[in-house]
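# below is the sequence, then the predicted model.
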Amino acid sequence: MSGAMLTLGSLSLYKSALVIALGALSCFALMRALYPKGGLAAALWCFAAADVIFTVLLCRFLHWYCHSEQYASFWKAMTDFSTGGYVLVAAVPAAVGAAYLVKLFGLTQNPSRLLDCFAPGAVLAAAFIRLSALFNSTCRGKVAVRRPLLQRLPVASPVTTSSGTEDWRFATFFVEFLLLGIVFFLALRFFLRRRRAPMKAGQKKDGNTALYALLLSAAVELVCDSTRYDSSFLPINGFVSVTQIACGVCILVPLVIWSVRSIRANGRSLFHWAVWVGWFLALAGAGIAEYLVQRHGDWHLSCYALMSAMGFLMAWLPYRMYKSVCAKKRKRA
């Protein structure tokens, strides 16, 4: 499925590249539509250019760091993009860096608002990137699907083995495409509601959409990355992938920020301790599920069900913390 759609001399246009390009265009078009009227268009163009450059370089750098044996040299990895791979999670610091670069240039004083407008489209672009895997030979799930009834999308996709036979595996990227599509609609709905909602005293309106989109997409990636057979690992760690580590951090960041805001608005209470303890227990549960699925491959159904439940809890608890910030400020004696 990796054949070119169109060939013009030495130039070939591939289906997967076209899908990724459509995702990027949709992302920045949506960002332009969501950006407040009266905002500097130059800020958007500067952000878009910086984000693309930073994303490509950081995602490639992280892949080189985890898979240096696949490249002739660091210089080759960072200059020749015709081969090799990328670690998509590095797009998060790339976007943050691009937003603050725009602020440094004096084109915006509110990078959080810029990231809010970008977040729904970024999730949509990530969904398109995962969808592009249907048109090339990139990774598939490591879980074999043996039942003929399930050997079709959206559950499974065929993989050609080294012997030339076809093996049906869990369609990791297509399932992630569907889940990220849901996250996109939730993030867009959240953004539009935040735009219409009146801002209460002590609340910060900007930045919440970006945190919300980051929270949900990281929870999805945390589980889906475990089902891949080509996950990237740090050289010092062969147990938890670099994407899972980064996703845990990406889920923790909204929890920390919203916890600080909640305590400032309402004071510390038993609710906060319950959320914190529950979150770390969910993190431990996800780690246990990852350990079990690596040691007992035939337990994948129960292990991934447990990991999915823990991932949902890890995302739901920070959201409850956010809701406590939105709640009416408690009266103090």
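Perfect, thanks for sending it.
# for the helix or strand hosting Val52, packing partners?
Following DSSP states H and E, one finds Val52 within helix 41-66. In terms of contacts (3 or more C-beta pairs under 8 Å, 6 or more residues apart in numbering; DSSP states H and E), helix 41-66 is packed against helix 15-34, helix 74-79, helix 91-104, helix 111-131. Any C-beta I mention is one placed from the backbone N, CA and C, and that applies to glycine too.
# give the contact list for the nearest residue to Leu30 once chain neighbours are set aside.
Leaving aside its chain neighbours, Leu30 sits nearest to Gly121 (3.9 Å; criterion: C-beta to C-beta, 6 or more residues apart in numbering). Applying C-beta atoms under 8 Å, 6 or more residues apart in numbering, we find Gly121 in contact with Ser26, Cys27, Phe28, Ala29, Leu30, Met31, Leu34.
# what count of nearby residues applies to Ser231?
Counted with other C-beta atoms under 10 Å, the neighbours of Ser231 add up to 17.
# do you know how far the nearest residue to it once chain neighbours are set aside is from Glu221?
Distances taken as C-beta to C-beta, 6+ apart put Ser241 closest to Ser231, at 4.0 Å, once the chain neighbours are dropped. Taking C-beta to C-beta, to the nearest Å as the measure, Ser241 falls 10 Å from Glu221.
# repeat that for Ala289.
Taken as C-beta to C-beta, the span from Ala289 to Glu221 is 15 Å.
# kindly report the same for Val253.
The gap separating Val253 from Glu221 is 14 Å, by C-beta to C-beta.
# who has more neighbours, those two?
The neighbour comparison of Val253 against Glu221 (other C-beta under 10 Å) goes to Glu221, with 24 against 16.
# how about that one, nearest residue that isn't a chain neighbour?
The shortest distance from Glu221 to any non-neighbouring residue, by C-beta to C-beta, 6+ apart, is to Cys247 (5.0 Å).
# are we agreed that that neighbour is in a strand?
No. The assignment for Cys247, made by DSSP: H, G, I helix; E, B strand; the rest coil, is helix rather than a strand.
# tell me the contacts of it?
Contacts of Cys247 by C-beta under 8 Å, 6+ apart are Val89, Ala218, Ala219, Glu221, Leu222, Asp225.
# before we move on, which element is Arg169 in?
strand 166-170.
# next structured bit after that strand?
Assignment by DSSP H and E places the next element after strand 166-170 at helix 172-196.
# show me what secondary structure element comes after that next one.
The helix or strand immediately downstream of helix 172-196 is helix 208-224, counting by DSSP H and E.
# show me the shaky parts of the protein.
1-14, 38-39, 135-139, 161-162, 164, 197-204, 328-333 (pLDDT under 70).
# now do 80
For the chain, the stretches with pLDDT under 80 are 1-17, 37-40, 82, 133-140, 159-166, 196-205, 237-238, 297, 327-333.
# and the contacts of the strand holding Arg169?
Outside of strand 166-170, the residues within contact range by C-beta under 8 Å, 6+ apart are 140-146, 151, 155-161, 227, 229.
# which members of the residues you listed are classed as buried?
Listed as buried from the contacts of strand 166-170 are Arg140, Gly141, Lys142, Val143, Val145, Gln151, Val155, Ala156, Ser157, Pro158, Val159, Thr227; burial here means 16 or more other C-beta atoms under 10 Å.
# closest one of the residues you listed to Cys117?
Thr227 (31.8 Å; C-beta to C-beta).
# distance check, the closest one against Leu153.
15 Å.
# residues near the residue nearest to Ser231, how many?
If you count neighbours by other C-beta under 10 Å, Ser241 ends up with 23.
# close enough to count as contact, it and Thr227?
No. The criterion here is C-beta atoms under 8 Å, and Ser241 misses it with Thr227 at 11.0 Å.
# from Arg130, how far out is the nearest residue to Pro158 once chain neighbours are set aside?
Nearest non-adjacent residue to Pro158, counting by C-beta to C-beta, 6+ apart: Glu166, 4.8 Å away. Using C-beta to C-beta, one obtains 22 Å as the distance from Glu166 to Arg130.
# circling back: and among the helices and strands packed on helix 41-66, the most buried is which?
helix 111-131 (a mean of 24; mean count of other C-beta atoms under 10 Å).
# so what are the sheet partners of the helix or strand following that one and their directions?
Sequence order places strand 156-160 as the next helix or strand after helix 111-131, per DSSP H and E. Paired with strand 156-160 in the same sheet, following DSSP bridges, are strand 166-170 (antiparallel).
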